[in-house]
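Engineer: fold the stuff below for me.
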Amino acid sequence: MSPGRSLHRWNARRIPRLDDRVAVVTGASSGVGFETARYLAEHGATVMLACRDDTKALDAVKQMVSAPPAG
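Structural biologist: Numbers count the residues shown, from 1 in each chain. Next comes the predicted model:
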């Protein structure tokens, strides 16, 4: 990163189309992992949710499918 540029100006609207990309997101059943997986999926990526609990993983998928777009 060049001097004088700040990461705080980055936001999810700047995510490019991710068609034909695959992402593996750990901790995707809640919190930052969930939001990351959701945004990546909304931008066209195929997302694999890596979760320790199958029930929570399925709940996260249901929430992502039924929720309105985040961005």
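Engineer: strand partners (parallel or antiparallel) of the helix or strand containing A23?
Structural biologist: Using DSSP states H and E, A23 falls within strand 22-26. Strand 22-26 sits in its sheet next to strand 46-50 (parallel), going by DSSP bridges.
Engineer: got the buried residues for whichever helix or strand comes after the partner strand?
Structural biologist: Under the assignment DSSP H and E, the closest C-terminal helix or strand after strand 46-50 is helix 54-66. For helix 54-66, the neighbour count (16 or more other C-beta atoms under 10 Å) marks 60-61, 64 as buried. Glycine gets a C-beta too; all of them are placed from N, C-alpha and C.
Engineer: quick one: K56 from Y39, how far?
Structural biologist: 19 Å (C-beta to C-beta, to the nearest Å).
Engineer: not counting its neighbours along the chain, what's nearest R21?
Structural biologist: In space, and not counting its chain neighbours, R21 is closest to A45: 4.7 Å by C-beta to C-beta, 6 or more residues apart in numbering.
Engineer: the one you found against V25, yeah?
Structural biologist: No - the criterion here is C-beta atoms under 8 Å, and A45 misses it with V25 at 9.5 Å.
Engineer: more neighbours, these two?
Structural biologist: V25 (23 against 19; other C-beta atoms under 10 Å).
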